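Chemist: here is the input, now give the coordinates:
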Amino acid sequence: MMHVIYTGERVRLRPFSDSAEWCQLREQIDARPNDFWGSLYKPQGRQAARFENDGLLNTGEIGAFAIERLDTSQLVGYERHRTPAHGSITGSVGTLILSEHWHRGFGIEAKQLCFCYLFENYPVERVEASTFSGHRRARNGMEQSGMRREGSCKLFRQIHGVYNELVVYRIFREQWEQLPIRQVVRRGA
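Modeler: Modelled structure (predicted):
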């Protein structure tokens with residue numbers, strides 16, 4: 001049975017309730033360009049159309065879950081995920097937390113909950129994520145979630161006149177099986 005709601009100790013990963021909820025969160029995100037990735041802005045019409053197509057849960061595509069705080073029921077960001085295409089054994093995650101909710105462990109737990117979603121519902125053997133070498137906060141979050149640095153791509157993107165390398169992290173199924181989140185996660189509604 002496929003689960004699409006995963007609840008930890010701090011946050012819940014769940015599908016967005018509708019395109020309005022997705023677009024409202026994207027408006028909040030797009031209002032403050034990210035120092036590392038730049039503006040993530042995409043016209044609202046494209047965001048709504050993307051949601052209407054598959055609810056952001058299409059297999060083999062990039063999707064997203066809402067990250068909801070358990071103590072306030074506020075949306076604090078989203079967890080991007082790529083489910084494996086047919087025949088693939090690799091998934092990916094990416095976390096975006098609104099700045100007013102940083103430093104509370106929400107992103108770390110959201111990543112771990114998304115690991116559960118990918119490893120439990122798909123024939124995934126590896127989940128990966130990437131960020132820029134200078135994005136220490138993101139790198140720390142990946143490491144604290146259980147991921148390990150795998151490598152980098154030099155001169156990947158120029159940001160503020162400086163070239164940055166892309167750093168790739170990964171976690172294998174056997175490493176995920178050892179994570180404590182597996183003992184506390186609640187699956188389903």
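Chemist: what about residue 31, neighbour count?
Modeler: Neighbour count of residue 31, defined by other CB atoms under 10 Å: 9. In this view, the C-beta of every residue, glycine as well, is placed from N, C-alpha and C.
Chemist: how about it, what does it touch?
Modeler: By CB atoms under 8 Å, 6 or more residues apart in numbering, the contact list for residue 31 is empty.
Chemist: please name the bridge partners of residue 170.
Modeler: When bridges are assigned using DSSP bridges, the partners listed for residue 170 are residue 128, residue 148.
Chemist: touching, it and residue 148? I think so.
Modeler: Yes: counting by CB atoms under 8 Å, residue 170 touches residue 148, with 6.5 Å between them.
Chemist: looking at those two, which one has more neighbours?
Modeler: The residue with the greater number of neighbours, taking residue 170 and residue 148 and applying other CB under 10 Å, is residue 170; the counts read 18 against 11.
Chemist: any idea how far the residue of the chain most remote from its centre is from residue 85?
Modeler: Here the centre of the chain is the reference, and by CA atoms, centre = their mean the most remote residue is residue 161, at 27.5 Å. Distance from residue 161 to residue 85, counting by CB to CB, to the nearest Å: 37 Å.
Chemist: how about the helices in the protein?
Modeler: Counting by DSSP state H, one finds helices in the chain at the ranges 19-30, 44-54, 106-121, 136-144, 173-176, 181-184.
Chemist: from what I see, residue 80 and residue 66 are in contact.
Modeler: No: taking CB under 8 Å as the definition, residue 80 is not a contact partner of residue 66, at 11.4 Å.
Chemist: looking at the two, which is more packed in?
Modeler: Summary of the neighbour comparison: residue 80 and residue 66, criterion other CB under 10 Å, with residue 66 having more neighbours (21 against 17).
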